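S.K.: Prediction below, plus the sequence it came from.
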Amino acid sequence: MSEAPDYAPQPGRRWGPLGVMLSQLSRQLEDRIDAADVDQANLDMKRLGCRTRYRPDGTPYQLDGGGGW
């Protein structure tokens, strides 16, 4: 194993693809709702006419617009 002190990413340095992956993962986790709230949230979104729905794990998705816009 390398014992080089610059092996690990340092704060303030660019992490390249790893930084992009971590920021995408962070955004995905922030968008989730609690799995126990999914059924009620989907019902509310349908009543409000919104196209956003939630998967059983709480991640959002968009319904097809169907209007070609």
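M.R.: All right, it came through fine.
S.K.: And the helix or strand containing Asn42, what does it pack against?
M.R.: Using DSSP states H and E, Asn42 maps to helix 38-48. On a contact count with 3 or more CB pairs under 8 Å, 6 or more residues apart in numbering; DSSP states H and E, helix 38-48 meets strand 52-54. (C-beta placed from N, C-alpha, C; glycine too.)
S.K.: For the strand it packs on, name the packing helices and strands.
M.R.: Where contact means 3+ CB pairs under 8 Å, 6+ apart, strand 52-54 is packed against helix 38-48, strand 60-62.
S.K.: Kindly reformat these as JSON lines and extend each row with mean pLDDT.
M.R.: Output for those, formatted as JSON lines (pLDDT from 0 to 100):
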{"stretch": "helix 38-48", "mean pLDDT": "94"}
{"stretch": "strand 60-62", "mean pLDDT": "88"}
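S.K.: Can you say which of the ones you listed is packed in most?
M.R.: Most buried of the helices and strands packed on strand 52-54 by mean neighbour count (mean count of other CB atoms under 10 Å) is helix 38-48; its value is a mean of 12.
S.K.: Please save the CA atoms from that helix in PDB.
M.R.: The C-alpha coordinates for helix 38-48 follow below in PDB (Å, rounded to 0.1, in the frame of the first residue of the first chain):
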ATOM      1  CA  VAL A  38     -44.900   7.100  -0.500                       C
ATOM      2  CA  ASP A  39     -48.600   6.000  -0.800                       C
ATOM      3  CA  GLN A  40     -50.000   9.200   0.700                       C
ATOM      4  CA  ALA A  41     -47.600  11.400  -1.400                       C
ATOM      5  CA  ASN A  42     -48.600   9.600  -4.600                       C
ATOM      6  CA  LEU A  43     -52.200  10.100  -3.800                       C
ATOM      7  CA  ASP A  44     -51.700  13.800  -3.000                       C
ATOM      8  CA  MET A  45     -49.700  14.400  -6.200                       C
ATOM      9  CA  LYS A  46     -52.400  12.700  -8.200                       C
ATOM     10  CA  ARG A  47     -55.100  14.900  -6.600                       C
ATOM     11  CA  LEU A  48     -53.100  18.000  -7.200                       C
END
